[in-house]
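>>> based on what follows, work out the 3D shape:
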Amino acid sequence: MKKILSFGLIGLLALFLAACGNDKSAALANDKILVGVSGGPHEQVMEKVKELAADEGIDVEIKTFNDYNTPNSALDDGSLDANSYQTLPFLEDQVKNQGYELKEVFKTLTFPMGIYTDKISDISELKEGDKIAVPNDPANEYRALKLFETAGVLKVDPEAENSATAKDVVENPLNLEIVELDASQLPAQLPEVAAAAINTNFAMGADLNINDDAIFAEESENNPWSNYFVVRSANKDDEIVKKLQEIYQSDEVKQFVEDEFQGSVVPSW
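Numbers count the residues shown, from 1 in each chain. The predicted structure is shown next:
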């Protein structure tokens, strides 16, 4: 009986220690951090941040993802310490629908979204019944539809706010077929549609430059779609987060962004 009781206590202790080891509310270490990013500019800029952070005794480990959903689920479950890849409306939509306890802490980069095509030279050349493609996640789909709206192609229901689908298009005079696709798949599907609104990081991955190849694009200045560095809500005031903000929003990183991307990606701070 005593042996059974001892084994039971050992088992409970092991479970307790395991739970403590995965305490998502614990403060982050002051000298190392694991950051999730999307491939492309976010990764490149974080590599620069890693270089500068090393000079301050901080080890920044970078994990790269090729989709928009996994970095948030990984951050929420404790597999990451932070991520840097998303706009605030996208984050708010994920927090609302997935129940994540995540918080934006500082602005990073702005990626003006562009409309790309290999069939027409001007947005006015779209014809009756043409197909246009947009990202299929609510925040980015809303952004893409609003871009087509700004271009004079359609109109989105004003009550759709920061999330929308093709069903929220209230005016579509050309009866355009709106194709909703995973954001990462849009460049590959460009030959199948008349035009597509593509996020800049995925466009750049397909050798599309917003300055040279987009037939219509968001403004770079005062763009409301800034990206953010995000952590679990419990870690928003941690010292390493404050230190990384200083490094990220430094003159060195700003100059790196301006030199490397020539206006396709711009600093948000």
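>>> wasn't Gly78 part of a helix?
No. Assessed with DSSP: H, G, I helix; E, B strand; the rest coil, Gly78 is coil; it does not lie in a helix.
>>> and the residue lying closest to it once chain neighbours are set aside, helix, strand or coil?
Distances taken as Cβ to Cβ, 6 or more residues apart in numbering put Lys24 closest to Gly78, at 4.8 Å, once the chain neighbours are dropped. Using the backbone N, CA and C atoms, a C-beta is placed for each residue, glycine as well. Here Lys24 is coil, with the state taken from three-state DSSP.
>>> how many neighbours does Lys24 have?
Lys24: 13 surrounding residues under other Cβ atoms under 10 Å.
>>> any idea how far Gln255 lies from Phe106?
Distance from Gln255 to Phe106, counting by Cβ to Cβ, to the nearest Å: 18 Å.
>>> follow-up on the earlier one: wait, the residue nearest to Gly78 touches Arg232, no?
Yes. Between Lys24 and Arg232 there is a contact at 5.8 Å, judged by Cβ atoms under 8 Å.
>>> next, find the distance separating Asp130 from Ala196.
Counting by Cβ to Cβ - Asp130 and Ala196 are separated by 11 Å.
>>> please say which of the two ends up with more neighbours.
Ranked by neighbour count (other Cβ under 10 Å), Asp130 and Ala196 place Ala196 first, with 25 against 18.
>>> which SSE is the more buried one in?
Element membership for Ala196, per DSSP states H and E: strand 195-198.
>>> quick one: strands adjacent to that strand?
Applying DSSP bridges, strand 195-198 is found paired with strand 114-116 (antiparallel), strand 131-135 (parallel).
>>> all helices for the protein, in order.
Secondary structure of the chain (DSSP state H): helices located at 2-21, 41-54, 70-76, 88-98, 138-150, 186-189, 200-205, 239-248, 251-261.
>>> can you give me the pLDDT of Pro41?
Looking at Pro41, its pLDDT is 93.
>>> wait, isn't it in contact with Ala203?
No. Using Cβ under 8 Å, Pro41 makes no contact with Ala203, being 10.6 Å away.
>>> ok, these two, which is more surrounded?
Taking neighbours as other Cβ under 10 Å, Pro41 and Ala203 compare with Ala203 leading, 26 against 23.
>>> that one: what's it in contact with?
Ala203 makes contact with Gly114, Tyr116, Pro187, Asn209, Ile210, Asp213, Ala214, according to Cβ atoms under 8 Å, 6 or more residues apart in numbering.
>>> out of those, who's nearest Lys242?
Ile210 (32.3 Å; Cβ to Cβ).
>>> and for the nearest residue to that closest one once chain neighbours are set aside, the neighbour number?
Closest residue to Ile210 apart from its sequence neighbours, by Cβ to Cβ, 6+ apart: Gly114 at 4.4 Å. Residues near Gly114, counting by other Cβ under 10 Å, number 23.
>>> bridged to Gly114, which residues?
Under the criterion used (DSSP bridges), Gly114 bridges to Ile198, Ala217.
>>> against Asn97, how distant is Val265?
Taking Cβ to Cβ, one finds Val265 at 28 Å from Asn97.
>>> higher neighbour count, those two?
More crowded of Val265 and Asn97, by other Cβ under 10 Å: Val265, with 26 against 10.
>>> doesn't Asn209 make contact with that one?
No. Here Val265 does not reach Asn209: they are 10.9 Å apart, not a contact under Cβ under 8 Å.
>>> need the contact list for the nearest residue to Ile178 once chain neighbours are set aside.
Excluding the flanking residues, the one nearest Ile178 by Cβ to Cβ, 6+ apart is Ala166, at 4.0 Å. Residues in contact with Ala166 (Cβ under 8 Å, 6+ apart) are Val134, Glu141, Leu145, Ile178, Glu180.
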